[in-house]
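**Student:** need the 3D shape of this:
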Amino acid sequence: MRIVVCVKPVPLAPQMVDATGRLARDGATQMNGVDENAVEAALQVRDRVGGAEVVLVVLAPADSADVIRPGLAMGADRAVVISGPEFEGSDLLGTSYALAEVIRAESADLVVFGASSSDGNGAMLWAAVAERLDLPVVSRAVDYAVTDGVLTATRQMEHGLDVVEVRLPAVLALSGEVNTPRYPSFKDVIASKKRPVVVVAAGDGLAVDVARVGVAGARTTVRAIAEPPRRGAAVVIVDDGSAADQVLVFLRDRNLI
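**Tutor:** Predicted structure coming up:
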């Protein structure tokens with residue numbers, strides 16, 4: 001069984017690039033926080049089923065190996081870094097396309113995602129990858145288990161909890177920090193430096209159409225960037241026994257009731 005975990009380096013201090021509206025990614029980065037939960041979920045499944053391989057897959061600059069090293073120190077077996085100038089500026093469609101091609105080549109049985117990235121907060125990539133791979137997707141999972149080729153997951157919904165089952169291969173997206181990532185020992189950190197990290201580029205081990213990735217393949221653009229509107233002056237109501245009446249007048253004056 002092969003479990004792929006999609007991880008992402010995110011800027012420590014995200015800043016927009018004025019000319020393009022894209023995030024500046026030339027500064028210090030770290031592995032996206034909830035991606036550690038995704039790695040932990042994959043390792044828990046591996047521990048239970050036995051004999052599974054956990055592979056980290058990331059679309060990022062080639063020097064991101066050190067950024068995702070914590071995932072290897074936790075126990076992932078190896079990593080694949082999709083990199084190259086042709087991928088710079090990829091939007092959701094381009095990113096999902098590149099990731100899906102690597103996941104397909106890996107013949108993954110289970111693909112795990114964290115809830116969302118701290119720099120984008122889109123929470124859509126896992127659905128886009130599942131669509132490209134034509135796989136069932138279980139999102140907002142707070143519990144998960146794999147038994148006899150079947151993924152059973154508990155989903156956190158607005159009305160309560162749903163328990164669903166899907167046959168592998170499948171995509172699993174977690175709901176926030178649903179577990180406690182294991183803390184690597186010093187020995188684990190040293191061992192992680194020997195675990196393989198393969199960098200693949202378009203036309204060099206990765207069969208992708210470069211017209212579908214990067215800025216050239218992007219189907220979304222940033223129209224404008226602005227500070228959020230400032231809040232107006234607050235109205236403080238002191239409850240002297242007439243607070244309910246004051247709230248009622250406040251709402252009526254603003255045509256809210």
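
**Student:** element containing the closest residue to Val57 other than its chain neighbours?
**Tutor:** Using CB to CB, 6 or more residues apart in numbering and skipping residues adjacent in sequence, the residue nearest Val57 is Val80, 4.9 Å away. Bear in mind the C-beta positions are built from the backbone N, C-alpha and C, glycine included. With secondary structure defined by DSSP states H and E, Val80 is part of strand 78-82.

**Student:** with Ala13 instead?
**Tutor:** Per DSSP H and E, there is no helix or strand for Ala13.

**Student:** circling back to that earlier point, so for the strand holding Val80, mean pLDDT?
**Tutor:** Average pLDDT, strand 78-82: 94.

**Student:** likewise stretch 51-67?
**Tutor:** 88.

**Student:** need the CA coordinates for it. PDB is fine.
**Tutor:** Only the C-alpha atoms of stretch 51-67 are listed here, as PDB (Å, rounded to 0.1, in the frame of the first residue of the first chain):
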ATOM      1  CA  GLY A  51       3.800  -2.700   5.100                       C
ATOM      2  CA  ALA A  52       2.700   0.600   3.700                       C
ATOM      3  CA  GLU A  53       5.000   3.300   2.200                       C
ATOM      4  CA  VAL A  54       4.400   7.000   3.000                       C
ATOM      5  CA  VAL A  55       5.500   9.500   0.300                       C
ATOM      6  CA  LEU A  56       5.500  13.300   0.600                       C
ATOM      7  CA  VAL A  57       4.700  15.200  -2.600                       C
ATOM      8  CA  VAL A  58       5.200  18.900  -2.900                       C
ATOM      9  CA  LEU A  59       5.100  21.500  -5.600                       C
ATOM     10  CA  ALA A  60       7.800  24.000  -4.600                       C
ATOM     11  CA  PRO A  61      11.300  25.300  -5.300                       C
ATOM     12  CA  ALA A  62      14.000  22.600  -5.400                       C
ATOM     13  CA  ASP A  63      15.600  23.900  -2.200                       C
ATOM     14  CA  SER A  64      12.400  23.100  -0.300                       C
ATOM     15  CA  ALA A  65      13.800  19.700   0.800                       C
ATOM     16  CA  ASP A  66      14.900  21.100   4.100                       C
ATOM     17  CA  VAL A  67      11.400  22.700   4.700                       C
END
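
**Student:** pull out the buried positions in that stretch.
**Tutor:** In terms of neighbour count (16 or more other CB atoms under 10 Å), stretch 51-67 has its buried residues at 52-61, 64-65, 67.

**Student:** what about the closest residue to Arg132 other than its chain neighbours, how many residues nearby?
**Tutor:** In space, and not counting its chain neighbours, Arg132 is closest to Ala100: 3.8 Å by CB to CB, 6+ apart. Ala100 has 20 neighbouring residues, counting by other CB atoms under 10 Å.

**Student:** give me the secondary structure label for Ala100.
**Tutor:** Recorded secondary structure, Ala100: helix (DSSP: H, G, I helix; E, B strand; the rest coil).
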